[in-house]
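A.B. asks: Below are the sequence and a predicted model for it; my questions follow.
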Amino acid sequence: MPILDGFGASRQIRTIESSRRNAAAESPGVEASGTDVKESDVKKYEHRPALIIALTGLASTQDQSEALSSGIDLFLTKPVAFKEVGKLLDNWEANR
């Protein structure tokens, strides 16, 4: 039995990202853990959340809705065609 499912993991990732953004806004140049960070690195990554893609056998509208509300960016059901993945990534990048 997993400790954390994909929805919970996505929520944790988004919480960490939010904490780091808030820490960067309050103290530029210092990471949330208190370690020094180059200011150029902070500016480069401060507004780039991780891309989270759900790859699942669960295909209901409720599953997709829960995935998106937990912070997942893209929702794919199995079986997945690699062309489909490429198109989704291209569209996601174009709309960022």
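C.D. replies: Perfect, thanks for sending it.

A.B. asks: Excluding chain neighbours, give the residue nearest to residue 74 in space.
C.D. replies: Excluding its sequence neighbours, the residue lying closest to residue 74 (C-beta to C-beta, 6 or more residues apart in numbering) is residue 53, at 4.5 Å. Where C-beta positions appear, they are placed from N, C-alpha and C, glycine not excepted.

A.B. asks: For that neighbour, give me its contacts.
C.D. replies: Residues counted as contacts of residue 53 (C-beta atoms under 8 Å, 6 or more residues apart in numbering) are 72-76, 88.

A.B. asks: Residue 23 versus that one, what's the distance?
C.D. replies: Residue 53 is 26 Å from residue 23, where distance means C-beta to C-beta, to the nearest Å.

A.B. asks: Where is the longest helix in the chain?
C.D. replies: Counting by DSSP state H, the longest helix found in the chain is helix 6-26.

A.B. asks: Tell me the buried residues in it?
C.D. replies: By neighbour count, and taking 16 or more other C-beta atoms under 10 Å as the criterion, the buried residues in helix 6-26 are 6-7, 9-11, 13-14, 17, 20, 23-24.

A.B. asks: same deal with stretch 53-63?
C.D. replies: Neighbour-count burial for stretch 53-63, counted by 16+ other C-beta under 10 Å, picks out 53-54, 56, 63.

A.B. asks: Tell me which helix or strand comes right after the helix or strand of the chain with the lowest mean pLDDT.
C.D. replies: When each helix and strand of the chain is scored by mean pLDDT, DSSP states H and E, helix 39-45 comes last, with a mean of 58. Reading on from helix 39-45 to the C-terminus, the next helix or strand found by DSSP states H and E is strand 53-56.
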